[in-house]
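[1] Can you look at this prediction? I've put the sequence above it.
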Amino acid sequence: MHRPLIPHHSGQPGPKHRVSVLLRLLQQLHVPSFHYFCCMSIVNIIQKNVTESLSDLFNQPFSEKDFQINQTKPEFEGDYTVVMFSLVKALKLSPDAIGNQLGEKLTSSYPDLFTKFNIIKGFLNLTISDVYWTTLLTKNYNNNCYGRKEMNGKKVMVEYSSPNTNKPLHLGHLRNIFLGWSVAEILKVNGYEVIKSCMVNDRGIHICKSMIAWRKFANGATPQSTGIKGDHLVGDYYVRFENELKAQSQILVNKIKMADLCDFSGAELEKLDKLLIALTKLDEIKDAEKITKLHDEIREVARNNTQIMAEAKQMLLDWEEGKPEVIELWKKMNSWVYDGFDTTYKRIGSDFDKIYYESDTYLLGKDIVQQGLDNKVFFQKEDGSIWIDLTAEGLDEKIVQRKDGTSVYITNDIGLAVQKYEQYKIDQSIYVIGNEQNYHMKVLQLICKKMGMPNADNIFHLSYGMVELTTGKMKSREGTVVDADELIDEMVATTQKLTEELGKVKDFSPAELKDLYDIIGLGAMKFYLLRVEPKKTMVFNPEDSIDIHGFSAPFVQYTYARIRSILRKEAANFEALLANTNETETTGNLLPLEKEMIVNLEQFPTALEQACAEFNPSVITNYVFDLSKTFNSFYDQHSIAKAESETKKQLRLQIVGMTANTIKSGMQLMGIMVPERM
RNA sequence: GGUCCCGUAGUUCAAUGGAUAGAAUAGAAGUUUCCUAAACUUUAGAUGUGAGUUCGAUUCUCGCCGGGACCA
């Protein structure tokens, strides 16, 4: 199993902790169980009541950890189940005996909450009174803040997206962006103050490559002159560079294989000699894997010795020296890229509170290196390079400054980590970065710890899995990268086609239609990328992603649209319901699907807490889907407009209203809008 | 060579150590005089493998097999 790099929320109370504090408080106040359900989940209430009852019955202390509470399986009678097995040892009684005593105690002590119980094979099934459910519904059906927590005074920074400026955004970035944005929103509703940040890698050899190719081949082409989106234009020249590099290196590789090494000297000459000798030996053994590896190494040497690569390297040096014409070109091309990114961010509804540029932060690590040397956390090798020894922690030695005095990524990252804490006084720093950086982030945190940074434990790497295609992995060299802009356009276009086929919104204006296609198309894409647990590698299947049936955003959106349709038709009745400040008269007799709806709705706050504790938006996708599915059955079976009685109608209108609010809140956390009609 | 992650229906995903492992898709069969059929109902189908811990394991531990990532 995956272990988090650090315990979640270490050093600060998480939601569960807060709940238990609240619980203790309420216990001390002796508040009758029935009157605080507005701020406690039913599971928490049962936990508390069971704990108290057990202590009373058996004259010894119990805690909520001594037993488990599950939702009762549909094939048994009851709503929630207490699992008795774990109590057997301590009490030296049979599960059924404990269950019987506990069941009697609960139903007699809390008759307004527990109406019935039964015991099957050591499982105590409790039936919660209909009055509990209807009261909960009446209190919350029009509460737009349902599930939202009070501010807790904690500040969290979530860093995500973090693109390079040499290529447009792709599918992998989308998973990153949606995850980061959604986690930030989930933290907010759970009471955290959140700063969304982005680290732009605007400096380095990659951008120099685009610049070289642009200068050589573009004839001054700009986004304006070509009509090409800025990030794509710059990306095109990056590809152009790579093609030229490939052509040039191929010539060199051919020469090398002919044993013509006149272009090389010194260490590289030696290395190539060795490689060629190894290759002839291996050719006889026929170890295909090793042969490929040797060919790769030869190609790598060749790539590094091409004319065009030399130009790129020179440009990086010129950039570092601040050569005016290089800086000017760099600024110009980066600005094109930023314009392009902004367009995409705007389209998908993403935003940042703070943007860091690597060109500003890449020198931040210098002081850290000196500090590390002073503290003897780092050491210097004979060649002048500076390292940290992490072998005691089961890792390797890691370089923190090259022999030429230039910094490496990890050092810059440490510098920025410190700066984030100093600038914003944050309690936790979350990095949404792919799992290929697991090692890097582990090292980062370890170094921070060794440097004695007080907040080192509160760095959290939200590591997510790669997005693969049904045909395999995305590889830029093979041109199988799925471009974000193209994908968005495609999803929206598919939505349009489908909507036109169904023909339900023919009266919409062109602007309304455009909005609707965006809401559904973008929603489908976000939902599809968020519905898988973050750390898992996921497969992107173009057909599935556009599929609007089943576990998808359009399914949930459709449910919402149907509800809105009901509420439009029943507007007068719903208004009357809202105006009526008296508690609605409850029927005390809920039908199975009515109850199932309320039980589902009751779980929303718990889902929000779980999503927050796990930094996992898929908890919300699962929740809203389940809720929608249950609602669709409910809708199919029970008429709202033509309910059996006036009280039934009121009850159902409440269910409908609360479902709409809950779906909307849940989807909002993922940046997914819900349409009034579709 | 070392470290880490992942193996669940044909496919894509669920399941705080709990009852007969849930969904969705694709397959088969149904439901429109009635609140939006982008829906609903029925049906068939899965824990890679071998041990261990436990009253009880998809979940925890160890070995193996398979897929992936990173470090050197």
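    Received it, and whenever you're ready, just let me know what you need.
[2] helix/strand/coil for whatever residue of the stretch 401-550 of chain A ends up closest to RNA strand B?
    Closest to RNA strand B within the stretch 401-550 of chain A is residue A:550: 2.2 Å, counting by CB to the nearest atom of the strand. Yep, even glycine has a C-beta here, placed from its N, CA and C like the rest. Taking DSSP: H, G, I helix; E, B strand; the rest coil as the rule, one finds residue A:550 in the coil state.
[3] Wait, residue A:465 touches residue A:534, no?
    Yes. Between residue A:465 and residue A:534 there is a contact under CB atoms under 8 Å: 7.2 Å.
[4] the more surrounded of those two?
    Ranked by neighbour count (other CB atoms under 10 Å), residue A:465 and residue A:534 place residue A:534 first, with 22 against 16.
[5] Quick check: phi and psi at residue A:390.
    Backbone torsions for residue A:390, taken as degrees, to the nearest 10, come to phi -110, psi 20.
[6] Verify the stated contact: it with residue A:399.
    No. Using CB under 8 Å, residue A:390 makes no contact with residue A:399, being 11.3 Å away.
[7] low pLDDT regions in chain A?
    A:1-38, A:283-289, A:581-588 (pLDDT under 70).
[8] Where do the strands of it begin and end?
    Under the criterion DSSP state E, chain A contains strands at A:68-71, A:80-83, A:114-120, A:123-128, A:155-159, A:193-200, A:354-357, A:378-380, A:386-389, A:397-401, A:428-434, A:459-464, A:467-469, A:538-540.
[9] Format the ones you listed as JSON lines; extra columns: mean neighbour count and distance to residue A:219.
    Below are those laid out as JSON lines (neighbours: other CB atoms under 10 Å; distance: least, CB to CB, whole Å):
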{"stretch": "strand A:68-71", "mean neighbour count": "14", "distance to residue A:219": "67"}
{"stretch": "strand A:80-83", "mean neighbour count": "21", "distance to residue A:219": "72"}
{"stretch": "strand A:114-120", "mean neighbour count": "18", "distance to residue A:219": "80"}
{"stretch": "strand A:123-128", "mean neighbour count": "23", "distance to residue A:219": "74"}
{"stretch": "strand A:155-159", "mean neighbour count": "23", "distance to residue A:219": "38"}
{"stretch": "strand A:193-200", "mean neighbour count": "21", "distance to residue A:219": "28"}
{"stretch": "strand A:354-357", "mean neighbour count": "16", "distance to residue A:219": "29"}
{"stretch": "strand A:378-380", "mean neighbour count": "17", "distance to residue A:219": "49"}
{"stretch": "strand A:386-389", "mean neighbour count": "18", "distance to residue A:219": "45"}
{"stretch": "strand A:397-401", "mean neighbour count": "19", "distance to residue A:219": "41"}
{"stretch": "strand A:428-434", "mean neighbour count": "22", "distance to residue A:219": "37"}
{"stretch": "strand A:459-464", "mean neighbour count": "22", "distance to residue A:219": "41"}
{"stretch": "strand A:467-469", "mean neighbour count": "18", "distance to residue A:219": "35"}
{"stretch": "strand A:538-540", "mean neighbour count": "17", "distance to residue A:219": "37"}
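[10] Let me have those strands in TSV, extended by distance to RNA strand B.
    Shown next, in TSV, are those (distance: least, CB to the nearest atom of the strand, whole Å):
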stretch	distance to RNA strand B
strand A:68-71	3
strand A:80-83	3
strand A:114-120	4
strand A:123-128	4
strand A:155-159	19
strand A:193-200	18
strand A:354-357	22
strand A:378-380	15
strand A:386-389	10
strand A:397-401	7
strand A:428-434	8
strand A:459-464	8
strand A:467-469	8
strand A:538-540	3
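[11] middle-most residue in chain A, spatially?
    In chain A, the centroid-proximal residue (CA atoms, centre = their mean) is residue A:179; its distance is 2.6 Å.
[12] So it versus residue A:158, what's the distance?
    Residue A:179 sits 9 Å away from residue A:158, going by CB to CB, to the nearest Å.
[13] if I look at those two, which residues touch both of them?
    Residues touching both residue A:179 and residue A:158 (CB atoms under 8 Å, 6 or more residues apart in numbering) are A:432, A:462.
[14] Smallest distance to RNA strand B belongs to which residue of the stretch 201-350 of chain A?
    Residue of the stretch 201-350 of chain A nearest RNA strand B, by CB to the nearest atom of the strand: residue A:293 (9.0 Å).
[15] Return the distance of the longest helix seen in chain A from the chain's centre.
    Longest helix of chain A, by residue count under DSSP state H: helix A:230-257. Mean C-alpha position of helix A:230-257 versus that of the full chain (CA atoms, centre = their mean, to the nearest Å) differs by 35 Å.
[16] now for it, which elements pack on it?
    helix A:205-217, helix A:223-226, helix A:288-304, helix A:307-321, helix A:324-348 (3 or more CB pairs under 8 Å, 6 or more residues apart in numbering; DSSP states H and E).
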